[in-house]
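J.: one predicted model, sequence on top.
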Amino acid sequence: MKAFALTRYGKKNTVKPVERPVPDLRDDDVLVQIHATSINPLDLKIRNGELKPLLPYKLPLVLGNDLAGIVVKTGPRVRRFAPGDAVYAKPNQDRIGTFAEYLAVNENDVARIPKTVTMNEAAALPLVSLTAWQALVDKAQLRPGQKVLIHAGSGGLGTIAIQLAKHLGATVATTTSTKNVTWVKALGADIVIDYKTQDFATALRDYDVVLDTQGGQTLDRSFQVVKPGGTVISVAGPPEPAFAREFGANWLLVQAMRALSFSVRRKAKRRSVHYSFLFMTANGDQLRELGALVDGGAIRPVIDRVFPFDATLDALAYVENGRATGKVVVTLRGDNDHP
């Protein structure tokens, strides 16, 4: 099968088209013929070697964290799926590889595609919708009437998080550039901060939750807008020791993360705010719940552009340049609808 694999860590000429055998099935796996995948900042971080301490992958490694496709084969212990089922998934972190024609995935990480979306739209959903759910529902336990700030509202994660937060009954503020202000309001944002002309840290006050997608100064200044007892959840900031222990990191890595996150944790403590790093995990049950929200009209996938599979490297470059509004999808097959 055709695939795109990381041959060495780094930004330039490190991902190449390769031929790979179709993956073998474990007893609890489904083999999915991939119809579409999508690009995430996570793919770029893995490529650049930024996550080596957390995810010590053996190279060469087929990249890719989202899939939509058709089950073509099932392991002997699989009960939920059968050949012919249209499914979508974010595979477990130790079994990524959706930039390929086939992938074997544990059935617990898979869900049926929502009835109201195409293959391309389904491929845009798994990683970002699971991240939004695990941040806002699991970690923040966002409730009706609370206030949440979602950074980078026009990005892949931001577009889904805004819609989910509105569905949960929150008042939603977001940051974006001038050209996307009207557009993110249409997604459901109540307050939009144009970061080119406004400063979110002085414009907003007494928020219950911040979802940070940027890290760095954006994360540091986010603590100013959260009220005491509130929560800052970051997918881009430094992991804290509690996360490292949960993740199964060794003692040395836990200590390294303690040092890396010291400044952020100190800022949080000074303001009586809870800081939490989120590294999303695969979860087929949550994808089923999210699929119901998609079919109910509460969440719709947002696609910026679709690339053919042969142009996967161009799709990675497009996302790296920061041009995307919503998700960038890579399609492997022309038939975009599903059974």
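T.: Yes, it's here.
J.: for residue 145, which non-adjacent residue is spatially closest?
T.: residue 169 (6.5 Å; CB to CB, 6 or more residues apart in numbering). Any C-beta I mention is one placed from the backbone N, CA and C, and that applies to glycine too.
J.: cool, residue 254 as well?
T.: Spatial nearest neighbour of residue 254, excluding adjacent residues (CB to CB, 6+ apart): residue 244 at 4.4 Å.
J.: for whichever strand or helix holds that neighbour, name the packing helices and strands.
T.: Following DSSP states H and E, the helix or strand that holds residue 244 is helix 241-247. Helices and strands touching helix 241-247, by 3 or more CB pairs under 8 Å, 6 or more residues apart in numbering; DSSP states H and E, are helix 251-260.
J.: report the separation between the closest residue to residue 326 other than its chain neighbours and residue 30.
T.: Excluding the flanking residues, the one nearest residue 326 by CB to CB, 6+ apart is residue 302, at 3.3 Å. In this structure, residue 302 and residue 30 are 27 Å apart, going by CB to CB, to the nearest Å.
J.: looking at these two now, which is surrounded by more residues?
T.: Using other CB atoms under 10 Å, the more surrounded residue of residue 302 and residue 30 is residue 30, with 27 against 23.
J.: is the more buried one bridged to anything, and to what?
T.: residue 74, residue 105 (DSSP bridges).
J.: same check, this time on residue 176
T.: Taking DSSP bridges as the rule, residue 176 bridges to residue 194.
J.: gap between the residue nearest to residue 254 and residue 202?
T.: 34 Å.
J.: the more surrounded of these two?
T.: A count of neighbours by other CB under 10 Å puts residue 244 above the other of residue 244 and residue 202, at 23 against 11.
J.: what sits against the more buried one?
T.: 253, 254, 257, 258 (CB atoms under 8 Å, 6 or more residues apart in numbering).
J.: got it, and residue 267?
T.: Residue 267 neighbours (CB under 8 Å, 6+ apart): 220, 223, 275.
J.: A helix includes the second one, no?
T.: Yes - secondary structure of residue 223, determined by DSSP: H, G, I helix; E, B strand; the rest coil: located in a helix.
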